[in-house]
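A.B. asks: need a 3D model of the sequence below.
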Amino acid sequence: MKFLSFIIILFITVSGCKDSKDFESMVEIVRMEKVRLDEKGEPLVVDVEISYYACPGTQMEVIRGDKNFADCLYKSHKVGDKLKVHVNWYWDSFGYYKWKVTQLNGCPRRVDPLDEISFELVQECEDYFIYGVKVGFSCNQIPNAALIEKCPWFRRK
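C.D. replies: Coordinates of the predicted model:
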């Protein structure tokens, strides 16, 4: 009985240990917005919308950053700039992989664990045809193999 308990505990421990990985890619700044300002009008909190243009499909993310991130970003970057992004891919306690942007072109981003504003939109969209006529589009929010191959941090499991 003790041996079986040991095996079960070992299995739970090993299966719970998931590696994290760091990735680099390129993004474009779509929007930058100063959310909170100090008394001098300098940003304390900033939202930055980025597009993973190097990845197939439409991959967008809005990230929130603190004063240091805002200061660094506003000094030398603007909407439309294409920048290097550092992404950390990690196992979440909810039972799937997540990612977080840790740096944008040399501007380190501290991720606040209470941040509920940052979000991502990962989707693959295709034209939708009826009788050979384009009538709209359809989007799938489950990453396909082409996206995972080019940008593996979008994989959830």
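
A.B. asks: quick check: mean pLDDT of stretch 88-104?
C.D. replies: Taken as a whole, stretch 88-104 has a mean pLDDT of 91.

A.B. asks: quick one: distance of that stretch to the chain centre.
C.D. replies: 8 Å (CA atoms, centre = their mean, to the nearest Å).

A.B. asks: same check on stretch 46-61?
C.D. replies: 8 Å.

A.B. asks: cool, stretch 46-63 as well?
C.D. replies: The mean C-alpha position of stretch 46-63 is separated from the chain mean by 8 Å, CA atoms, centre = their mean.

A.B. asks: which strand residues bridge Glu28?
C.D. replies: Ser51, Lys82 (DSSP bridges).

A.B. asks: show me where this protein has helices.
C.D. replies: Along the chain, the stretches classed as helices by DSSP state H are 2-16, 67-76, 145-150.

A.B. asks: which one of the ones you listed has the lowest average pLDDT?
C.D. replies: Of all those, helix 2-16 has the smallest average pLDDT, which comes to a mean of 44.

A.B. asks: quick one: Ile29 from Arg155, how far?
C.D. replies: When CB to CB, to the nearest Å is the yardstick, Ile29 and Arg155 sit 25 Å from each other. Where you see a C-beta, it was placed from the backbone N, CA and C, and this is true even at glycine.

A.B. asks: to clarify, my last question referred to Asp47.
C.D. replies: Following CB to CB, the distance that separates Asp47 from Arg155 is 26 Å.

A.B. asks: repeat for Val30
C.D. replies: Using CB to CB, Val30 is found at 23 Å from Arg155.

A.B. asks: next: Pro43.
C.D. replies: For Pro43, the distance to Arg155 under the criterion CB to CB works out to 33 Å.

A.B. asks: the two: who's more crowded?
C.D. replies: More neighbours sit around Pro43 than around the other of Pro43 and Arg155, counting by other CB atoms under 10 Å; the figures are 21 against 14.

A.B. asks: which ones are touching the more buried one?
C.D. replies: For Pro43, the contacting residues are Lys34, Val35, Arg36, Leu37, Lys67, Ala70, Asp71, Tyr74, by CB atoms under 8 Å, 6 or more residues apart in numbering.

A.B. asks: so which of those comes closest to Glu116?
C.D. replies: Distances from the contacts of Pro43 to Glu116 were compared by CB to CB; the smallest belongs to Val35, at 13.2 Å.

A.B. asks: burial check on the closest residue to that closest one other than its chain neighbours, number of neighbours?
C.D. replies: The shortest distance from Val35 to any residue that is not its chain neighbour, by CB to CB, 6 or more residues apart in numbering, is 4.3 Å, and that residue is Val45. Number of residues near Val45 (other CB under 10 Å) recorded here: 18.
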